[in-house]
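S.K.: predicted model and sequence follow; I will ask about them next.
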Amino acid sequence: PELQGYYLYADYVSGLIWALKYDAAKKEVVENRSIPIDQKLPIISFGEDEDGEVYFTAVDPVGNGIYRFDRATK
């Protein structure tokens with residue numbers, strides 16, 4: 001739910017992921033935050049299932065190339 005309304009994007013080389021929020025009425029970016037991940041991987045795509053859960057795919061040396069976002073634990 002924390003990512004709803006955000007555009008997700010990543011850098012293939014660094015393995016970093018960001019969430020960008022754009023206000024169409026103001027025609028400006030209102031937030032751009034990094035998404036912490038445990039392991040930096042070359043991310044190649046994002047997807048969403050029928051329940052709205054977001055996934056990303058990456059080139060993974062052990063064959064586990066589909067990942068999902070979980071809430072961070074404090």
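M.R.: The structure has been received and is ready for your questions.

S.K.: Y9 and N32, how far apart?
M.R.: Applying CB to CB, to the nearest Å, the value for Y9 to N32 is 10 Å. For the C-beta atoms, the positions are set from N, CA and C on the backbone; glycine is no exception.

S.K.: I17 now?
M.R.: In terms of CB to CB, I17 sits 12 Å off from N32.

S.K.: tell me which of the two has more neighbours.
M.R.: Between I17 and N32, I17 has the larger neighbour count (other CB atoms under 10 Å), namely 21 against 13.

S.K.: anything in contact with each of Y9 and N32?
M.R.: Taking CB atoms under 8 Å, 6 or more residues apart in numbering as the criterion, Y9 and N32 both touch W18, L20.

S.K.: which stretches in this structure count as strands?
M.R.: 7-10, 17-23, 28-35, 43-48, 54-58, 66-68 (DSSP state E).

S.K.: from the chain's centre, how far out does the second one sit?
M.R.: The gap between the average C-alpha position of strand 17-23 and the chain average comes to 9 Å, counting by CA atoms, centre = their mean, to the nearest Å.

S.K.: reformat the strands of the chain as CSV; add distance to P1.
M.R.: Below are the strands of the chain laid out as CSV (distance: least, CB to CB, whole Å):
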stretch, distance to P1
strand 7-10, 14
strand 17-23, 12
strand 28-35, 14
strand 43-48, 13
strand 54-58, 11
strand 66-68, 14
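
S.K.: list the strands paired with the lowest-mean-pLDDT helix or strand in the chain, with their directions.
M.R.: Least confident element among the helices and strands of the chain, by mean pLDDT, DSSP states H and E: strand 66-68 (a mean of 89). Sheet pairing for strand 66-68, assigned by DSSP bridges, gives strand 54-58 (antiparallel).

S.K.: now do the buried residues in the strand it pairs with.
M.R.: V54, F56, A58 (16 or more other CB atoms under 10 Å).

S.K.: give me the below-cutoff pLDDT ranges for this structure.
M.R.: 73-74 (pLDDT under 70).
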